[in-house]
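Visitor: Predicted structure and sequence below. I'll ask about it afterward.
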Amino acid sequence: MDVPLLGSRAMLNSATLNSARSIVRDYVKLEKDEKVLIVTDWTRLSVADVLSYAVIEVNESLTTRRELSMSMIAEREYGKEEPPKCVAAAMKVADVVLIPTKTSLTFTEAVREARSNARIGSMPGVIEQMMIDGGLRADPSDIRDLTEKVAKVLESAEEYVVTSRNGTNISFSRGERQVFRDDGDLSGKGKVGNLPAGEACMPIIENSAKGRLVIDRLGKIVTNGVELKVEDGRIVEVIGPDARRFKGLLDSARGAGYSTPNIVAEFGIGTNSAAKYVEVEMEAEKMYGTVHFGIGGNATIPGGQSAIPFHHDGMIFDAKLELGGKLFLDGRKFYF
């Protein structure tokens, strides 16, 4: 097909193109004549290229072809930093916004305002390997089915206890807050989700978590483990091999004006069987049967009250989850 790509470094091999087609066709479910905006930076231009090709190939509408646009922004210095105002304005009038960028725009005011009209697929940190042999290769229907099953079980309880062989022993509450299905279904107006998809997660009651939380991995910050003492929902002590780097993460957030980056704010379970561990939180947290705890903000999850635009997910690979004394997850195996 003679299609001039919008970017400059197209990676049109079969695996990446198939993943891009699935994003457009199966996750976004692009409709005829819809306006698509791709927001990217120079570090993810090749991903934006292949997405632009898939938009045109999957939907041959003349309007979609003419209205397709790409905005390349300067790389954000930290996650949740707002995009330029002109890009934020463009996001509000698009029908679909895809955001392959180095750092996340998910928690920005621009995304919150755009969702009144657009549906948004956020792809922070996406790398080509995730499209070739990672979470973006999963079967969307499998993700939706498992995510729904896990979410329903989580909604059957209000109090949770997570333990692990690495020393984690932490309890927390959901109250009556909704369990969010990050299942990749971006077909409805106002939908915002991550790509790759695949988790059932919930905002923790902000002062409820207590105990010992031992994180196995958190991107490049935690690679050898860190132990967190948690009281009244706050991290009050950090020890372990990667304590200095984890404390540095919190200190940098406080330096940026975020007063409570130490809140244990979210709990999630991965439901993507194709996701593999990479130093990209968006993929790692989706790994089948793993759990993660979000630190910082949770207001983008329905019911969350911590509105700071700072959020990082710490992984536990081999956790046990009990709901009201009943075992639900152990060693990445579900007990439905």
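Guide: Yep, it's here.

Visitor: Poorly predicted segments of the stretch 101-250 of the chain, please.
Guide: Applying pLDDT under 70 to the stretch 101-250 of the chain picks out no residues at all.

Visitor: What segments of it are strands?
Guide: Secondary structure of the stretch 101-250 of the chain (DSSP state E, counting those that start in this stretch): strands at 119-124, 159-164, 169-173, 180-182, 192-194, 199-203, 210-215, 226-231, 234-239.

Visitor: so can I have CSV of those strands showing distance to Asp33 and mean neighbour count?
Guide: The way it works is simple: take the backbone N, C-alpha and C, and place the C-beta from them, glycine included. CSV is the format used below for the strands of the stretch 101-250 of the chain (distance: least, CB to CB, whole Å; neighbours: other CB atoms under 10 Å):
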stretch, distance to Asp33, mean neighbour count
strand 119-124, 15, 25
strand 159-164, 45, 19
strand 169-173, 46, 19
strand 180-182, 28, 23
strand 192-194, 22, 21
strand 199-203, 32, 26
strand 210-215, 46, 20
strand 226-231, 50, 20
strand 234-239, 49, 15
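
Visitor: I'd like the ones you listed as CSV, with distance to Arg25 appended.
Guide: As requested, these are arranged in CSV below (distance: least, CB to CB, whole Å):
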stretch, distance to Arg25
strand 119-124, 13
strand 159-164, 36
strand 169-173, 38
strand 180-182, 19
strand 192-194, 16
strand 199-203, 22
strand 210-215, 36
strand 226-231, 40
strand 234-239, 42
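
Visitor: Figure out which of these is closest to Leu98.
Guide: Closest to Leu98 of the strands of the stretch 101-250 of the chain, according to CB to CB: strand 119-124, at 4.9 Å.

Visitor: List the neighbouring strands of that closest one plus their orientation.
Guide: strand 96-101 (parallel), strand 192-194 (parallel) (DSSP bridges).

Visitor: Show residues contacting that strand.
Guide: By CB atoms under 8 Å, 6 or more residues apart in numbering, the residues outside strand 119-124 that reach it are 23, 27-28, 44, 47, 79, 91, 95-106, 111, 114, 186-195, 280-282.

Visitor: ok, back up a step: any chance of the strands paired with strand 119-124 in JSON lines, plus distance to Gly314?
Guide: Shown next, in JSON lines, are those (distance: least, CB to CB, whole Å):
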{"stretch": "strand 96-101", "distance to Gly314": "22"}
{"stretch": "strand 192-194", "distance to Gly314": "17"}
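
Visitor: which one of these lies closest to Gln178?
Guide: strand 192-194 (14.5 Å).

Visitor: Just the buried residues of the contacts of strand 119-124.
Guide: For the contacts of strand 119-124, a burial check counting by 16 or more other CB atoms under 10 Å picks out 23, 27-28, 44, 47, 79, 91, 95-106, 111, 114, 186, 191-195, 280-282.

Visitor: hang on, the earlier thing: and Arg217, which of the strands paired with strand 119-124 is closest to it?
Guide: strand 192-194 (17.8 Å).

Visitor: now that closest one: how far from the chain's centre is it?
Guide: 7 Å (CA atoms, centre = their mean, to the nearest Å).

Visitor: what does it contact?
Guide: So strand 192-194 is contacted by 27, 106, 111, 115, 119-124, 182-186, 282, 286, 300 (CB under 8 Å, 6+ apart).

Visitor: domains for this protein, by residue range?
Guide: 14-133, 137-334 (automatic domain parsing).

Visitor: coming back round to it: which one of the strands of the stretch 101-250 of the chain lies nearest to Ala265?
Guide: Of the strands of the stretch 101-250 of the chain, the one closest to Ala265 (CB to CB) turns out to be strand 199-203, at 6.4 Å.

Visitor: List the strands paired with that closest one, with their directions.
Guide: strand 180-182 (antiparallel), strand 264-270 (antiparallel).

Visitor: Please, where are all the helices along the stretch 201-336 of the chain?
Guide: Using DSSP state H, counting those that start in this stretch, the helices of the stretch 201-336 of the chain run over 243-255, 281-284.
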